[in-house]
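J.: fold the following.
(4 chains)
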Protein chains: 4
Amino acid sequence: MKPAFEIQRRVEFYETDMAGIVHFSNFFRFMEACEHAFLRSLDHELHGMLDGLETGWPRVHATCDYRAPARFGDLLDVRLFIDEVRPRSVRYRFEIAGGDTLVAEGRIAAAHVAITDDGIQAVALPDPLREKLLSFTHDS
Amino acid sequence: MKPAFEIQRRVEFYETDMAGIVHFSNFFRFMEACEHAFLRSLDHELHGMLDGLETGWPRVHATCDYRAPARFGDLLDVRLFIDEVRPRSVRYRFEIAGGDTLVAEGRIAAAHVAITDDGIQAVALPDPLREKLLSFTHDS
Amino acid sequence: MKPAFEIQRRVEFYETDMAGIVHFSNFFRFMEACEHAFLRSLDHELHGMLDGLETGWPRVHATCDYRAPARFGDLLDVRLFIDEVRPRSVRYRFEIAGGDTLVAEGRIAAAHVAITDDGIQAVALPDPLREKLLSFTHDS
Amino acid sequence: MKPAFEIQRRVEFYETDMAGIVHFSNFFRFMEACEHAFLRSLDHELHGMLDGLETGWPRVHATCDYRAPARFGDLLDVRLFIDEVRPRSVRYRFEIAGGDTLVAEGRIAAAHVAITDDGIQAVALPDPLREKLLSFTHDS
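T.: Modelled structure (predicted):
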């Protein structure tokens, strides 16, 4: 299966820990960076406006399986796949590889919300975005 | 069920993001901080030595479900439960709460490894640690 | 000279880097955590309101001299001193020590601003806060 | 004056804070990322070996002046200048700009050290590296 999107990312020194490898929490940041670059590539404003309300994509679920360590200076490929497009949320899957080695696999479920005076409320994905996202779920 | 261990942690400004809430990746750091404080409470050296080899606890799996946002200045309770003690790994479960509100639930599976010249290799948990950990899995 | 405020802070695993010591950028986070705990102790809302405008404390300058490494598990004392109270900004000095060892010395200059539709604008410190801060600059 | 090196860097969501701008501590990470890419471009191993000892570049001083906020999605130019090459340390200067706007100016002084059984010890820069670095200090 072909990824819907892919970025390359050099591991920085400050992303390592005293075990000499990338700290596990940073893989979630790599995934989000890929998700945001993907949405940007679709001309979608990440913190946009909908009917006069600010919108955002808080996470409802995130998971990662660690297969191999990544080290300072490694050039990682972060690949995004779209698992499911729901009316008010998207489920992404990610593969993070260093060359031929699969380093990590992860998933993020992001809700689409509007920020109101009373807090946040899930709202439907805008149709143009929904259609673009769906196009990546067929035979992709 | 009573937690095996619990810490309190104030949300710092640098842990928030532009959505005004704690960035989702930081919950994995809160969980790890609790795990480390727990192991410290058992007199277990986190980066210790075993038969002359340096040992560590790389993560093989991490997951989090986000229930409610946490904000700057919130005082969070991070509760650790032991789901399973395996010969060479431990599975933790965490609840993160702000007062009466459950903010997040997570899981971390950590392997016990020795660092050799050839890389890392899973090794058995030391018996005293294993017994202490097991004591938290019965009716605790 | 006695510090105006002091916090203790355990070095977390995720704050170390592959050199086995605290990453230098994290000392700025330790200083800010101390500054915020100090302002909280004065009953000052960090992101408060002034004449209906949201206020904040963006940094205009930050510096740190590193004297000795800090390591995972170290218990650090972070001490805050007030160097100068200006009409619309405050200059803090910090000492970070591990036991008897001075680990780092730093300075942060923070502007007091209001967030308007046109951006941010420096505004005078509220009088009660200004007086409290000044009280720490005399023979303290 | 022409920079010795320059990188471009997109501001990530996790680098912002609740004030909606890049957290001030992250500018030190941007500078270090540029320094490391620069040393990599000179074929210098950042964590190399010298006479059988592991070497590194701990920071002895870091400072930053903040001129304008940087926001999520901004494409920043990070420019490195070499202020001074000493026998056992290097002093860098950085300019961080977003388009025509100077966002921040910083300095980092990094010591060249070898890690011995007794701790760390400053050691002379390798001659080839020293000469390359010096070449950037003349009319560059």
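J.: for stretch A:12-26, list the C-alpha coordinates in PDB.
T.: The C-alpha atoms that make up stretch A:12-26 are tabulated as PDB, following Å, rounded to 0.1, in the frame of the first residue of the first chain:
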ATOM      1  CA  GLU A  12      18.300  15.900  16.200                       C
ATOM      2  CA  PHE A  13      20.600  15.700  19.200                       C
ATOM      3  CA  TYR A  14      18.000  17.100  21.600                       C
ATOM      4  CA  GLU A  15      15.600  14.200  20.500                       C
ATOM      5  CA  THR A  16      18.000  11.600  22.000                       C
ATOM      6  CA  ASP A  17      18.100  10.500  25.600                       C
ATOM      7  CA  MET A  18      20.800   9.100  27.900                       C
ATOM      8  CA  ALA A  19      20.200   5.600  26.400                       C
ATOM      9  CA  GLY A  20      21.700   7.100  23.200                       C
ATOM     10  CA  ILE A  21      18.500   6.700  21.200                       C
ATOM     11  CA  VAL A  22      15.500   8.800  20.300                       C
ATOM     12  CA  HIS A  23      13.200   9.200  23.300                       C
ATOM     13  CA  PHE A  24      10.000   7.300  22.700                       C
ATOM     14  CA  SER A  25       7.800  10.300  23.200                       C
ATOM     15  CA  ASN A  26       9.400  12.000  20.200                       C
END
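J.: for that stretch, buried residues please.
T.: By 16 or more other CB atoms under 10 Å in any protein chain shown, the buried positions in stretch A:12-26 come out as A:12-26. Every C-beta, even on glycine, is put in place using the N, C-alpha and C of the backbone.
J.: so how many other residues sit close to the residue lying closest to residue A:109 once chain neighbours are set aside?
T.: By the measure of CB to CB, 6 or more residues apart in numbering or on different chains, the closest residue to residue A:109 outside its immediate chain neighbours is residue A:61, 4.1 Å from it. The burial count assigned to residue A:61 is 16, neighbours taken as other CB atoms under 10 Å in any protein chain shown.
J.: now do residue A:137
T.: Residues contacting residue A:137 under the criterion other CB under 10 Å number 13.
J.: how about it, secondary structure?
T.: Local secondary structure at residue A:137 is given as coil here, using DSSP: H, G, I helix; E, B strand; the rest coil.
J.: what's it in contact with, if anything?
T.: Residue A:137 makes contact with A:82, A:83, A:84, A:85, according to CB atoms under 8 Å, 6 or more residues apart in numbering or on different chains.
J.: next, the residue nearest the centre of chain A: phi, psi?
T.: Most central in chain A under CA atoms, centre = their mean is residue A:35, positioned 3.2 Å from the mean C-alpha point. Phi and psi for residue A:35, reported as degrees, to the nearest 10, are phi -60, psi -40.
J.: just the strands from chain A, written as ranges.
T.: With DSSP state E as the criterion, chain A has strands at A:5-10, A:49-50, A:53-56, A:59-66, A:75-86, A:89-98, A:101-111, A:113-116, A:119-122.
J.: pretty sure residue A:107 contacts residue A:93?
T.: Yes: between residue A:107 and residue A:93 there is a contact under CB atoms under 8 Å: 5.3 Å.
J.: find the residues that touch each one of the two.
T.: Shared contacts of residue A:107 and residue A:93, defined by CB under 8 Å, 6+ apart, comprise residue A:83.
J.: now, which of the buried residues of stretch A:12-26 lie close to chain B?
T.: Checked against chain B using CB under 8 Å from any CB of the partner chain, these yield the following neighbours: A:18, A:19, A:21, A:24, A:25, A:26.
J.: for the nearest residue to the last one once chain neighbours are set aside, give its distance to residue D:32.
T.: If the residues on either side of it in the chain are set aside, residue A:26 comes closest to residue A:15, at 4.7 Å by CB to CB, 6+ apart. As judged by CB to CB, to the nearest Å, residue A:15 and residue D:32 stand 11 Å apart.
J.: quick one: contacts for the closest residue to residue A:21 other than its chain neighbours?
T.: In this structure, residue A:21 finds its nearest non-sequential neighbour in residue A:69, 4.0 Å apart by CB to CB, 6+ apart. Residues counted as contacts of residue A:69 (CB under 8 Å, 6+ apart) are A:21, A:22, A:103, B:58, B:120.
J.: quick one: contacts for residue A:29?
T.: Residues B:25, D:12, D:14 are the ones in contact with residue A:29 under the rule CB under 8 Å, 6+ apart.
J.: of those, which belong to helices?
T.: Helix and strand membership here follows DSSP state H; of the contacts of residue A:29, not one is in helices.
J.: and those, which is closest to residue C:98?
T.: The nearest member of the contacts of residue A:29 to residue C:98, counting by CB to CB, is residue B:25 at 27.4 Å.
J.: tell me who's in contact with the closest one.
T.: By CB under 8 Å, 6+ apart, the residues touching residue B:25 are A:25, A:26, A:28, A:29, A:32, D:14.
J.: what's the separation between the third one and chain C?
T.: Taking CB to the nearest CB, to the nearest Å as the measure, residue A:28 and chain C are separated by 12 Å.
J.: where in chain A is the helix or strand with the lowest mean pLDDT?
T.: Least confident helix or strand, chain A: strand A:49-50 with a mean of 70, by mean pLDDT, DSSP states H and E.
J.: adjacent strands (with direction) for that one?
T.: Sheet pairing of strand A:49-50 (DSSP bridges) gives strand A:53-56 (antiparallel).
J.: could you export the strand it pairs with as CSV, CA atoms only?
T.: Output of strand A:53-56 as CSV, limited to C-alpha atoms (Å, rounded to 0.1, in the frame of the first residue of the first chain):
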residue,chain,number,x,y,z
LEU,A,53,-15.3,29.6,15.2
GLU,A,54,-11.7,28.6,15.6
THR,A,55,-11.2,24.9,14.8
GLY,A,56,-8.5,22.4,15.7
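J.: for it, buried residues please.
T.: Applying 16+ other CB under 10 Å to strand A:53-56 flags A:55, A:56 as buried.
J.: ok, now stretch A:36-52?
T.: Neighbour-count burial for stretch A:36-52, with 16+ other CB under 10 Å as criterion, is recorded at A:36, A:37, A:38, A:39, A:44, A:46, A:47.
J.: so which bits of chain A are right by chain C?
T.: For chain A, the contact set with chain C under CB under 8 Å from any CB comprises A:13, A:14, A:16, A:17, A:18, A:19, A:20, A:21, A:23, A:25, A:71, A:72.
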